[in-house]
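Novice: What follows is a protein structure lacking sequence information:
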């Protein structure tokens, strides 16, 4: 508690100091005259910042350290994220699988009780998503917690962005871009406080965009390998968006190659083309092998198999609903795939302009935090005429058209384009600062105010969380499930929890997710499918303590389903249903093996 109070007071005090800095900038704008009369404090800070930025490798390291330090220091206040969405549990399943040295898992016994959203249970038991995010979470799990993988991935994204910007803008601006992405996305965004992902795909796109001008300038093998690694990350994190992102980059490389003389072309093929082909061949071979292990077909990715098995809603707006209704084994998944998804699809297509505008606003709000938009919009005429940025603008134009056709809205879907967006933000600030003499004081003051404003917003949000004010953008997770799971893990024996839902259950709130090795899991969550099938499940897991939980209750609690004479099958009363209440938990005798 003392640490929380200290962090909260420190954040609010720092926010006050930053606001004083913004006041000083505003006062400079009110001074008449053509000369820049900025305070000495800003001049000293800018000179020190510029000297530090000249040490490029150190700058990249410091940006990564800043990301690790800020979120790590706030852990007593912000805590470790609790998963809540189907996507998060799916990624955690992949992480647990990889952390135990496997690519997939055998179909679990009585698998209909373990079916859930965004996972496969047949032909193997695995996440449906590409493996990159799961691999990062697996690294974190090996180090102590899957969230450590999230923490590291955000730091890697920020460091990669600083490295990328060093190839496009002067080093001081590159360092500023790295600091800004830490402030805006590296501390309080859901990329750093959930298991959805985003930072991994953003890192892939950043490596590609950072390697492009380096290849064109120096034609080095290491830059070609870096670009290949970035493309491989994109293919294994956001396949569709990564492919779209790579199209303008490939065209830019081709145009550059065609403009070279004959000896330079041969050298480029040897020093750039061959390393790229080798890296991408290895990546695609690995992907095919992974798909074969999970789905049995090297040409069928797990997500495609999952959608073919359960979904009738298409991926793109121009497609139609499938006429084939799959077979569902529980009401919740049937409701999601036959009601929730199709309803959203038809509504979005019927109001496509509104849906597209909502998508654009959601993405822009997340990436720009509003403040970064100001210098970009003011300097847009110069940016459009900047020939150096034509391929970056092409990347964003093609990406905008491609993602407009998708039927989902989540900022991490467009994570590959993060580097291009932040490059435009930094270029906007550069152009604004270099504006003609008449408006130079205004441009310089605004460029100084934007980073301070972003920092003030971050500090205020941290302080608001500390004093208990509502934080609408905060990721909450499924805390009732997490608390029950924590208590069961601290209780002797192994446990089977039968999850019950009401008829009006929200299918997006799902409890039935498990570790990779179902038979050895300490706590096993299973879907209640009726008395007869539940009895079969209890007989199979006869050595487990069996509980029931009504997930849609206002305050979900465990109820003793089967305890018998096993003294281990008992929990503190605060986690048990009231034995005197008229709950629906049946009293049954222990099932004999």
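Specialist: Received the coordinates, thanks. Keep in mind it's a predicted model, so treat the numbers as computed, not measured.
Novice: Assign a three-state SS to the residue most central in space within the chain, would you?
Specialist: In the chain, the residue lying closest to the centroid (CA atoms, centre = their mean) is residue 197, at 2.2 Å. At residue 197 the chain is in coil, as set by DSSP: H, G, I helix; E, B strand; the rest coil.
Novice: Touching, it and residue 135? I think so.
Specialist: No - using CB atoms under 8 Å, residue 197 is not in contact with residue 135, being 10.9 Å away. Just so you know, the C-beta spots here come from the backbone N, C-alpha and C atoms, and that holds for glycine as well.
Novice: overlap in contacts of those two?
Specialist: Contact criterion CB atoms under 8 Å, 6 or more residues apart in numbering; residues shared by residue 197 and residue 135: none found.
Novice: Residue 189 - nearest residue in space that isn't next to it in sequence?
Specialist: Once flanking residues are discounted, residue 189 sits nearest to residue 366: 7.3 Å by CB to CB, 6 or more residues apart in numbering.
Novice: Hmm, that neighbour is touching residue 411, no?
Specialist: Yes - contact criterion CB under 8 Å: residue 366 and residue 411 qualify, at 4.0 Å.
Novice: Which element is encountered next along the chain beyond the worst-scoring helix or strand of the chain on mean pLDDT?
Specialist: Every helix and strand in the chain was compared by mean pLDDT, DSSP states H and E; the lowest is helix 2-29, with a mean of 64. As assigned by DSSP states H and E, the chain's next helix or strand after helix 2-29 is helix 40-53.
Novice: which of the residues in the following helix or strand past that next one are buried?
Specialist: Counting by DSSP H and E, the next helix or strand C-terminal to helix 40-53 is helix 56-73. For helix 56-73, burial by neighbour count (16 or more other CB atoms under 10 Å) applies to 59, 60, 62, 63, 64, 66, 67, 68, 70, 71.
Novice: residue contacts, the fourth one?
Specialist: With contacts defined as CB under 8 Å, 6+ apart, residue 63 is in contact with 158, 159, 161, 162, 175, 178, 179, 182.
Novice: So which of those residues belong to helices?
Specialist: 158, 159, 161, 162, 175, 178, 179, 182 (DSSP state H).
Novice: Take these and write them to JSON lines, including neighbour count and distance to residue 140.
Specialist: Output for the ones in helices among the contacts of residue 63, formatted as JSON lines (neighbours: other CB atoms under 10 Å; distance: CB to CB, whole Å):
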{"residue": "158", "neighbour count": "30", "distance to residue 140": "17"}
{"residue": "159", "neighbour count": "25", "distance to residue 140": "17"}
{"residue": "161", "neighbour count": "31", "distance to residue 140": "21"}
{"residue": "162", "neighbour count": "29", "distance to residue 140": "22"}
{"residue": "175", "neighbour count": "26", "distance to residue 140": "27"}
{"residue": "178", "neighbour count": "31", "distance to residue 140": "22"}
{"residue": "179", "neighbour count": "23", "distance to residue 140": "24"}
{"residue": "182", "neighbour count": "29", "distance to residue 140": "19"}
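Novice: which among those residues gets closest to residue 139?
Specialist: residue 159 (16.0 Å; CB to CB).
Novice: Does that closest one touch residue 179 like I think?
Specialist: No - the pair residue 159 and residue 179 fails to qualify as a contact (CB under 8 Å) at a distance of 11.5 Å.
Novice: And the strands in the stretch 101-250 of the chain, which stretches?
Specialist: 119-120, 126-127 (DSSP state E, counting those that start in this stretch).
Novice: where does this structure dip in pLDDT?
Specialist: Applying pLDDT under 70 to the chain flags the ranges 1-41, 436-440, 470-475, 561-568, 570-593.
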